[in-house]
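Peer 1: Requesting a structural model of the entry that follows:
(one chain, ligands or ions: 1)
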Amino acid sequence: MNVRETLSEMLIFLGIVSAIFLTGLVFALSFDLVYGLAAALACSLLFLFIDFRRIDWITRWLEKPSLAEIPEVSQYNSWYRVLERLRQNRIQFEKNTKKMKSRETRYRRTLSTLPDGVVLIKTGWLLDWCNEAAEKQLGIDPETDHGRSALDIFKDTPLASYLEKGDFSKALMLTFADRAVSLEIRVTVLGRKNIVLLSHDVTERERLDSVRKDFVANVSHELRTPLTVISGFLELAGAGAADGKVCMDREHFALMQDQAHRMSNLVSDLLTLSRLEQGIEEPADDEIDMDSLLRQAVEEGRAVSGGHHEITWSAQPCRLKGNEAEVRSALANLVSNAVRYTPHNGHIHVDWKDAGAGRGLVLSVADDGIGIDPKDIPRITERFYRVDKSRSRDTGGTGLGLAIVKHIMIRHGGRLEIKSTPGKGSVFSMVFPEDRKLSQS
Ligand code: ADP
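Peer 2: The predicted structure follows:
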């Protein structure tokens, strides 16, 4: 309290005392001393009554404080300082609340945009708030689930028992088989019973993990067969050599050579695929002469076919901007597949054309071979996916050809389209974006 305030307080006090004294004096002089004392007492009681009313008002106001209800009084009123302090405190409080609310809104908005799910659970497992990602990932309905017990919302799922157990030292892996989604759940306890639950979508990580495991298993399996054949013959030869005899005929050598060739093809395809997947080199923008590329691919196809198929080609006069070695290898894969999956006397046609506005540049290989079941089409570009395993291996396939073509197309900003009818034939089309077109010079 400063000097000015002390002085004004003293003035107010003196004012009250003087008012009581003067009232008493006026009454004493007008009537007699008893009246004067009675009037002074009545005046004091009036002041006391006014103060009690104010105290009562303040007590009620404190229960439901509102800035608008604080009365304006003159600074010479004995309650001026109390009411002013209340007003200032209330103004400060409302300012702080506003600030905190806007800060909270900002935090919640930030949390809402997170790709991970965030759920705030308060005492009694009551769901307080969650962001959109959590709604989607955990199937929370913001309308009906807010304020419900999290144990009820996640009832009969491993998440409810995980929460109930209360041991959050390890994350929980939650899999929703119906939606093919895997989530990693982490829980942090704040204070006594407030809980923050974080859900992170690990579907892609899990998928890649299983692809990696499958890949290693597939490669091992693909290499084991030829290695078993070769080592079997070598053992035989070794046993014969110990007896001083060489028991290995031409046929055995041919088989060993065949298997070694198969391994070498596999390793070479694996290296190609790995190089393409890592995208080590950007595809060069060669000006590819499609006429000569198609002619060469068809000649190679005829050599593979050994004259058992009729292979034709047609090409519009337009050049392609791309990596020549990669496009050549993709086309060779498709032509070789067409030969291998088309019975003798079948017809194969290779075509290059500008399909017109919005449809891109199309390099296609059509055959009237065995065709592919519609259910297998989405999977045949996966590594090692084969419709007929023995036919693929017997004809020297590695199971990686279409995966290589698909990656080459991705690197060129294009796509591989497959149309097929079982028993009638297939069309594999490499569709390049229009900006890869070069006008014929
Ligand atoms: P593969 O070395 O087994 O031929 P690919 O990746 O080239 O491996 O092809 C994957 C699978 O797609 C093949 O095993 C075969 O089942 C099927 N396929 C590919 N091309 C054709 C085609 N022209 N006609 C029928 N089926 C085909």
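
Peer 1: quick one: the helices in the stretch 51-200 of the chain?
Peer 2: Taking DSSP state H, counting those that start in this stretch as the test, the helices found in the stretch 51-200 of the chain are 80-113, 132-138, 142-145, 150-153, 158-165.

Peer 1: from the stretch 251-400 of the chain, which residue is nearest to the ligand?
Peer 2: When distances are taken as Cβ to the nearest ligand atom, the stretch 251-400 of the chain reaches nearest to the ligand at residue 397, 2.4 Å away. Any C-beta I mention is one placed from the backbone N, CA and C, and that applies to glycine too.

Peer 1: For that residue, which non-adjacent residue is spatially closest?
Peer 2: Leaving out its chain neighbours, the residue that sits closest to residue 397 by Cβ to Cβ, 6 or more residues apart in numbering is residue 340, at 6.6 Å.

Peer 1: got the helices of the stretch 51-200 of the chain as a markdown table, with mean pLDDT, distance to the ligand and mean neighbour count columns?
Peer 2: Listed next are the helices of the stretch 51-200 of the chain as a markdown table, based on pLDDT from 0 to 100; distance: least, Cβ to the nearest ligand atom, whole Å; neighbours: other Cβ atoms under 10 Å:
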| stretch | mean pLDDT | distance to the ligand | mean neighbour count |
| --- | --- | --- | --- |
| helix 80-113 | 90 | 41 | 12 |
| helix 132-138 | 93 | 35 | 19 |
| helix 142-145 | 88 | 46 | 12 |
| helix 150-153 | 92 | 46 | 18 |
| helix 158-165 | 92 | 39 | 16 |
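
Peer 1: what would those look like in a markdown table with distance to residue 428?
Peer 2: Shown next, in a markdown table, are the helices of the stretch 51-200 of the chain (distance: least, Cβ to Cβ, whole Å):
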| stretch | distance to residue 428 |
| --- | --- |
| helix 80-113 | 42 |
| helix 132-138 | 37 |
| helix 142-145 | 47 |
| helix 150-153 | 49 |
| helix 158-165 | 45 |
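
Peer 1: so which of these gets nearest residue 312?
Peer 2: For residue 312, the closest of the helices of the stretch 51-200 of the chain is helix 132-138, at 52.4 Å, according to Cβ to Cβ.

Peer 1: Output the closest one in CSV, but only the C-alpha positions, please.
Peer 2: Output of helix 132-138 as CSV, limited to C-alpha atoms (Å, rounded to 0.1, in the frame of the first residue of the first chain):
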residue,chain,number,x,y,z
GLU,A,132,-8.3,-37.7,-36.5
ALA,A,133,-5.6,-40.2,-37.1
ALA,A,134,-6.6,-42.0,-33.8
GLU,A,135,-10.3,-42.0,-34.9
LYS,A,136,-9.4,-43.7,-38.2
GLN,A,137,-6.8,-46.1,-36.8
LEU,A,138,-8.6,-47.2,-33.7
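
Peer 1: For it, what is the distance to the chain centroid?
Peer 2: In terms of Cα atoms, centre = their mean, to the nearest Å, the centre of helix 132-138 is set 12 Å apart from its chain centre.
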